[in-house]
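> Need a 3D model of the following:
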Amino acid sequence: MSAPVSADPQRLTEILAEYQELESALADPAVHADGTRARTLGRRYSRLGPVVATHRELEAARGDLIAARELADEDAGFALEAEELAVRIEALTERLEELLLPRDPNDDKDVILEIKAGEGGEESALFAGDLLRMYLRYAERKGWQTEVLDAVESDLGGYKDVSVAVKARTADEPGIWSRLKWEGGVHRVQRVPVTESQGRVHTSAAGVLVMPEAEDVEVTIDPNDLRINVYRSSGPGGQSVNTTDSAVRITHMPSGLVVSCQNEKSQLQNREQAMRILRARMLAAAMEAAAGAANDVRHSQVRTVDRSERIRTYNFPENRIADHRIGYKANNLEQVLDGELDAIIEALVLASRTEQLAGSGDTGSA
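Predicted coordinates for the structure are as follows:
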């Protein structure tokens, strides 16, 4: 077993120093005058807390072990205590090794989540609606805030396309990205559609794209690079739901990214929502370019909403959910669609950490 404390003392020293600096900064009332900065510092402080706490506990256990061994010759009880402390130190060292693994720099961020219907027509749109409800229920269970930024409904009440912002309520919560980033990809459903008259099981798909929400300072957008069009928003089947030109379409000409929003009645509000989505997409594109490989930062995100390119299958006849990336299977489909996603997400997190630990001897310092 490798030990990060001896293999990379520099990394631990930097974290301890940063934690002390954050502690001092958060004690300064002036910092809290800037809500955004206080929130960012608070999240980072909370993120480093387990590393510092484990390090302190490990150091204390090592000191106790030295004392117990010195007293073991005089009292057999201390010999037994020394054995117990040695086991505890090994467990704490492993825990610290895991905590010192490289972290996704976006883990503390809120996210913008997009769900797009794919192959399957109305059934795919209805499934996209099921996925939306699943994520909204999961957010509710976690105590997160949600805001539908834009939605294009289908004739039967599903969604052709829907964008949702998901935010943590407090700075000390784990970042939304650290949990929901695993949801990006093509989700496949197998069931009898409501439009099927002969009871046959159909397969359709919907795509989920998860992006960390970008701060204004993270993505610079030149207004001269934008082409902004306004039009009348419409409902399912093309029916008009607004008599004014309130819907907004923004094209970022250098990248070709296009974002449309028609959810709000105000053109200004739709423009603001579209800019939020555009910034998130541009940050995601920059992340993908920097990573150089899809399996690094934006692992298994949507490329085409094709049934064959799926990360997860929801099988209604068998009440089974299967995540194909890690071979996860469970027969609690109804509960999962009601927002009980923690078991799947924890399995994905564990698989990622296991892979990191296996490769930590080859990846250098954290």
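> Tell me where the stretch 51-200 of the chain has strands.
111-117, 145-153, 159-167, 185-191 (DSSP state E, counting those that start in this stretch).
> what separates stretch 186-198 from the chain centre, distance-wise?
Stretch 186-198 sits 28 Å away from the centroid of its parent chain (C-alpha atoms, centre = their mean, to the nearest Å).
> follow-up on the earlier one: nearest to Pro29, out of the strands of the stretch 51-200 of the chain?
Nearest to Pro29, of all those, is strand 159-167, at 24.7 Å by C-beta to C-beta. The C-beta positions use only the backbone N, C-alpha and C, and glycine is treated the same way.
> Could you list every helix and strand that the lengthiest helix in the chain packs against?
For the chain, the helix with the greatest residue count under DSSP state H is helix 35-71. When contacts are defined as 3 or more C-beta pairs under 8 Å, 6 or more residues apart in numbering; DSSP states H and E, helix 35-71 sits against helix 9-26, helix 76-99.
> what's the angle between the longest one and helix 9-26?
Spelled out, that is helix 76-99. 80 degrees (axes from the mean of the first three to the mean of the last three C-alpha atoms, to 10 degrees).
> List the residues that contact Arg69.
By C-beta atoms under 8 Å, 6 or more residues apart in numbering, Arg69 lies in contact with Phe78, Ala82.
> Show the model's pLDDT score for it.
Here the pLDDT value assigned to Arg69 is 91.
> could the helices and strands packed on helix 35-71 go into JSON lines alongside mean pLDDT and distance to Pro254?
Formatted as JSON lines, those follow (pLDDT from 0 to 100; distance: least, C-beta to C-beta, whole Å):
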{"stretch": "helix 9-26", "mean pLDDT": "90", "distance to Pro254": "36"}
{"stretch": "helix 76-99", "mean pLDDT": "90", "distance to Pro254": "40"}
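> So for Leu180, which of the ones you listed sits nearest?
Closest of these to Leu180 is helix 76-99, at 21.3 Å (criterion: C-beta to C-beta).
> Go through the closest one and flag the buried ones.
In terms of neighbour count (16 or more other C-beta atoms under 10 Å), helix 76-99 has its buried residues at 78, 81-82, 85, 88-89, 92-93, 95-99.
> Val52 touches Ala17, doesn't it?
No: using C-beta atoms under 8 Å, Val52 makes no contact with Ala17, being 10.6 Å away.
> Compare the two (neighbour count), which wins?
Val52 (18 against 10; other C-beta atoms under 10 Å).
> give me the low-pLDDT residue ranges for this protein?
1-8, 120, 171-174, 216-218, 234-244, 290-309, 359-366 (pLDDT under 70).
> quick one on the thing from earlier: now the strands of the stretch 51-200 of the chain as CSV including mean neighbour count and distance to Met275?
Below are these laid out as CSV (neighbours: other C-beta atoms under 10 Å; distance: least, C-beta to C-beta, whole Å):
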stretch, mean neighbour count, distance to Met275
strand 111-117, 25, 11
strand 145-153, 17, 10
strand 159-167, 21, 12
strand 185-191, 24, 26
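> Tell me the bridge partners for the residue lying closest to Val164 once chain neighbours are set aside.
In space, Val164 comes closest to Leu113 once its chain neighbours are excluded; the distance is 5.0 Å by C-beta to C-beta, 6 or more residues apart in numbering. Per DSSP bridges, the residues bridged to Leu113 are Val164, Val210.
> For Leu149, find the nearest of the helices and strands packed on helix 35-71.
Between Leu149 and the helices and strands packed on helix 35-71, the shortest gap by C-beta to C-beta is with helix 9-26, which sits at 31.0 Å.
> Give me the buried positions along that closest one.
Of the residues in helix 9-26, Arg11, Leu12, Ile15, Tyr19, Leu22, Ala25 count as buried by neighbour count, 16+ other C-beta under 10 Å.
> between the strands of the stretch 51-200 of the chain, which one is nearest to Leu333?
Per C-beta to C-beta, nearest to Leu333 of the strands of the stretch 51-200 of the chain: strand 185-191, 9.7 Å.
> Return the list of helices and strands in contact with the closest one.
helix 121-142, strand 202-212, strand 312-315.
> Please name every helix or strand in contact with the shortest one.
I take that to be strand 312-315. strand 185-191, strand 320-323, helix 333-337.
> what about 7 Å?
strand 185-191, strand 320-323 (3 or more C-beta pairs under 7 Å, 6 or more residues apart in numbering; DSSP states H and E).
> now those as CSV including distance to Arg44?
Output for the helices and strands packed on strand 312-315, formatted as CSV (distance: least, C-beta to C-beta, whole Å):
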stretch, distance to Arg44
strand 185-191, 29
strand 320-323, 30
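> what's the closest of those strands to Asp73?
Nearest to Asp73 among the helices and strands packed on strand 312-315 is strand 320-323 (54.8 Å), distances taken as C-beta to C-beta.
> was I right about Leu99 contacting Val51?
Yes: Leu99 is within contact range of Val51, at 4.7 Å (criterion: C-beta atoms under 7 Å).
> between the longest helix of the chain and helix 76-99, how many degrees?
Going by the same axes, to 10 degrees, helix 35-71 is angled at 150 degrees with respect to helix 76-99.
> picking that back up, reformat the buried residues of helix 9-26 as CSV; add distance to Asp73.
CSV is the format used below for the buried residues of helix 9-26 (distance: C-beta to C-beta, whole Å):
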residue, distance to Asp73
Arg11, 38
Leu12, 33
Ile15, 38
Tyr19, 39
Leu22, 44
Ala25, 48
